[in-house]
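sequence below, structure please.
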Amino acid sequence: MMSHLKTEYAQDLRPLPELIRRKDGANDEPAEWVIDPCAAERGVPRTAVLLRHMVTPIQNFDLDRVIRAHEMMHAKVSPGDRKPWTDRGIATDRALVCAEEARVNFLVDKAGFDLEHLEDGTEMNAGERIAERGDWAEAVYFTACISGTGGINKYLTGIRRHKPGWGPRLRRIHQLVQKELR
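Numbering: from 1, shown residues only. I've put the predicted structure just below:
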């Protein structure tokens with residue numbers, strides 16, 4: 001009976017960013033990428049385009065699949081080096097990272113992935129911590145990062161627990177981010 005255990009979720013579904021080609025100098029030539037498996041937790045998955053290194057969940061869960069799609073989209077469209085952009089003096093590095101997260105999430109959604117799965121349960125606590133510190137700038141940045149994902153409402157709930165007046169303003173920022181992308 002043990003041989004009939006369900007293995008639907010116990011799979012190694014490593015992405016293949018080697019299949020992606022760019023024409024911006026970041027990934028023009030075929031080369032092997034290093035793929036390191038990780039947990040599906042905020043802040044752990046990442047993609048270093050120039051180093052050809054991706055850290056991403058590899059299991060067959062909805063959240064894992066959306067995160068893999070998100071990281072593959074970074075491999076396809078994200079700048080390998082943000083320095084030329086920050087050197088322009090128009091936006092901070094944090095602002096560029098958040099704008100890129102919003103853009104990548106939009107493109108992943110357009111590719112057919114359900115961004116409602118893109119939440120890990122930390123959003124409400126993040127909202128509470130940011131609001132408790134009174135960090136308006138980070139509240140706006142984080143809103144942009146998770147705009148359009150399944151975690152936005154929980155994040156705003158966490159915000160409202162300490163800064164009730166921020167909730168409607170951040171929701172409006174979320175709506176404007178989505179309007180700009182669409």
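
drop to CA atoms for contacts and neighbour counts, all remaining ones
Will do.

can you give the distance from the lowest-mean-pLDDT helix or strand in the chain to the centre of its chain?
In the chain, no helix or strand scores lower on mean pLDDT, DSSP states H and E than helix 83-86, which sits at a mean of 91. Chain-centre distance of helix 83-86: 20 Å, with CA atoms, centre = their mean, to the nearest Å.

I'd like to check what contacts it. Which residues are they?
Residues outside helix 83-86 that contact it (CA atoms under 8 Å, 6 or more residues apart in numbering): A91, T92, D93, L96.

so who does the closest residue to N27 other than its chain neighbours touch?
Closest residue to N27 in three dimensions, ignoring its sequence neighbours and counting by CA to CA, 6 or more residues apart in numbering: R21, at 6.1 Å. The contact partners of R21, by CA under 8 Å, 6+ apart, come to N27, D28, E29, P30, K76.

with pLDDT and neighbour count as extra columns, can I get these in CSV?
Conversion of the contacts of R21 to CSV gives the following (pLDDT from 0 to 100; neighbours: other CA atoms under 10 Å):
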residue, pLDDT, neighbour count
N27, 70, 20
D28, 72, 11
E29, 76, 12
P30, 77, 12
K76, 94, 19
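
of these, closest to G121?
Using CA to CA, K76 is the member of these that sits closest to G121, with 27.4 Å.

before we move on, what SS does the residue nearest to N27 have?
Put simply, R21 is coil when judged by DSSP: H, G, I helix; E, B strand; the rest coil.

likewise for the one 5 residues further on?
When the structure is reduced to helix, strand and coil (three-state DSSP), A26 reads as coil.

one step back: which one of the contacts of R21 sits closest to E138?
Using CA to CA, K76 comes nearest to E138 of the contacts of R21, at 27.0 Å.

who are the packing partners of the host helix or strand of the closest one?
If you go by DSSP states H and E, K76 is part of helix 62-77. Secondary-structure packing of helix 62-77 (3 or more CA pairs under 8 Å, 6 or more residues apart in numbering; DSSP states H and E): strand 46-48, strand 53-56, helix 93-110.
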